[in-house]
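**Q** The following block contains a protein sequence and its predicted model.
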Amino acid sequence: MHLNKNGSGLLKWSGAVLALVIVLGGCGSGQGQQGKKPPVPEVATVTIEPQSVELTTELPGRTSAYLVSEIRPQVNGIIKKRRFREGSDVKTGDLLYQIDPAPFQVALDSAKASLGKAQANLPSLRLRADRCRELLADKAVSKQDYDDAAAAMEQARAEIQYWQAKVEEARINLGYTTVTAPIPGRIGKSSVTDGALVTAYQPASLATIQQLDPIYVDVTQTSAELLRLKRNLESGRLTKDGKNGRQVQILLEDGTPYPQKGTLQFRDITVDQATGSFTLRIVVPNPEHLLLPGMFVRAVVQEGIAEKAILVPQQGVDRNFKGEPIALVVDEGGKVEQRLLNLNRAIGNQWLVSSGLSPGDRLIVEGRMNVRPGATVKAVPFAGPRAGAEAPDSKPRPAASN
């Protein structure tokens, strides 16, 4: 089939028209796409709700025995027998050491004999004094004879009192030959063996008894922290918990919570000049003897109750180029606003905010990387923990604040 010249020209003209329509259609489609508005970014927010929070602080400390008794002899002698097992528990009055009692028994018997002798002389001297007094009335004896008889009787009485005291002294020394436990507790190793010579009130102790139930925990706190706590209490930021304020949670060396809670007994009134800290003493029940003297522990001491505390998730707080904590909030018009925060401390996975946020503010938690201050956003509720929710296993610790 052959086309003439007119047919060929018509075909070329139709192709040109078709190409022009395609180009114009493409240009119109691009202009329509450019004219559409970009979608509003979506962010997840939490609404700030103040609540009552118990504020605590962790303080380092060491355990010490509730009672300590260093056993020392009170008389000189030879140890005949040790009567306890090292490392065992003893009760008050248990026999620990037996010192050879023979010389002390002899001293007691001698004192008793001298006392008996003095007591035997008293009746005859008393009768002589009475006779002299009767004869003196008849002028049968001189006044000097009567005075001598009366003085002899008084001297006999004084001698009796003297030997009574010596008998008591000998009895006490004999009792000291049995060394007993003055307190209940656990006794350590013995520094002497059977046959050792000991002296009264010697510098080296024979053994040491420590009462472990209850046990003391001595922790240190800086005076600066005490001043801050007092200012917060006076300003009303914190209130005392009268019921549980003296209860203390103990954490072991590996961070494990101790099953029994302690009780704050007192705060020392003297600040150590070298460290600027003072001591808090805590009494802790220790029936299983899990805590031993000298162990390192940490005590979670209550500072007070913050009645209107503001807690926010840590993922909702960022830092600016100066290192200052900042946060983004959504105002009532749906616009993003930047806030400069003042952080008090971290509690679990949340920040305790001192200033910068108010109740009812909507804090952006997710989607912060896609928005800037002044931008319009669509706020949706955050699916994670709400602001102010108590974090599990929270361990308050100091945080940098501005």
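**A** Perfect, thanks for sending it.

**Q** CA atoms of stretch 144-154 as PDB?
**A** Presented in PDB, the C-alpha positions along stretch 144-154 are these (Å, rounded to 0.1, in the frame of the first residue of the first chain):
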ATOM      1  CA  GLN A 144      42.500   5.400 182.400                       C
ATOM      2  CA  ASP A 145      41.800   1.700 182.900                       C
ATOM      3  CA  TYR A 146      38.200   2.200 181.600                       C
ATOM      4  CA  ASP A 147      39.400   4.200 178.600                       C
ATOM      5  CA  ASP A 148      42.000   1.500 177.700                       C
ATOM      6  CA  ALA A 149      39.300  -1.300 177.900                       C
ATOM      7  CA  ALA A 150      36.900   0.800 175.700                       C
ATOM      8  CA  ALA A 151      39.500   1.500 173.200                       C
ATOM      9  CA  ALA A 152      40.500  -2.100 172.900                       C
ATOM     10  CA  MET A 153      36.900  -3.100 172.300                       C
ATOM     11  CA  GLU A 154      36.600  -0.400 169.500                       C
END
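
**Q** How far off centre is it?
**A** From the chain centre to the centre of stretch 144-154 is a distance of 73 Å (Cα atoms, centre = their mean, to the nearest Å).

**Q** in that stretch, what's buried?
**A** Going by neighbour count (16 or more other Cβ atoms under 10 Å), the buried part of stretch 144-154 is 146, 149-150, 152-153. (Glycine included, C-beta is placed from N, CA and C.)

**Q** Lowest-confidence one in those?
**A** pLDDT across the buried residues of stretch 144-154 is lowest for Tyr146, at 76.

**Q** Cys132 is in contact with that one, correct?
**A** Yes. Using Cβ atoms under 8 Å, Tyr146 makes contact with Cys132 at a distance of 4.1 Å.

**Q** mind checking pLDDT for Arg85?
**A** Arg85 is assigned 93 on the pLDDT scale.

**Q** Could you tell me how many residues sit around it?
**A** By other Cβ atoms under 10 Å, 10 other residues sit near Arg85.

**Q** quick check, it in a strand?
**A** No. According to DSSP: H, G, I helix; E, B strand; the rest coil, the state of Arg85 is coil, so it is not within a strand.

**Q** What separation do you get for it and Pro103?
**A** Remark: distance between Arg85 and Pro103 (Cβ to Cβ, to the nearest Å) = 28 Å.

**Q** And Pro60, by the same measure?
**A** Shown here: Pro60 relative to Pro103, a distance of 53 Å by Cβ to Cβ.

**Q** got it, and Ser142?
**A** Ser142 is 49 Å from Pro103, by Cβ to Cβ.

**Q** Sounds good, over and out.
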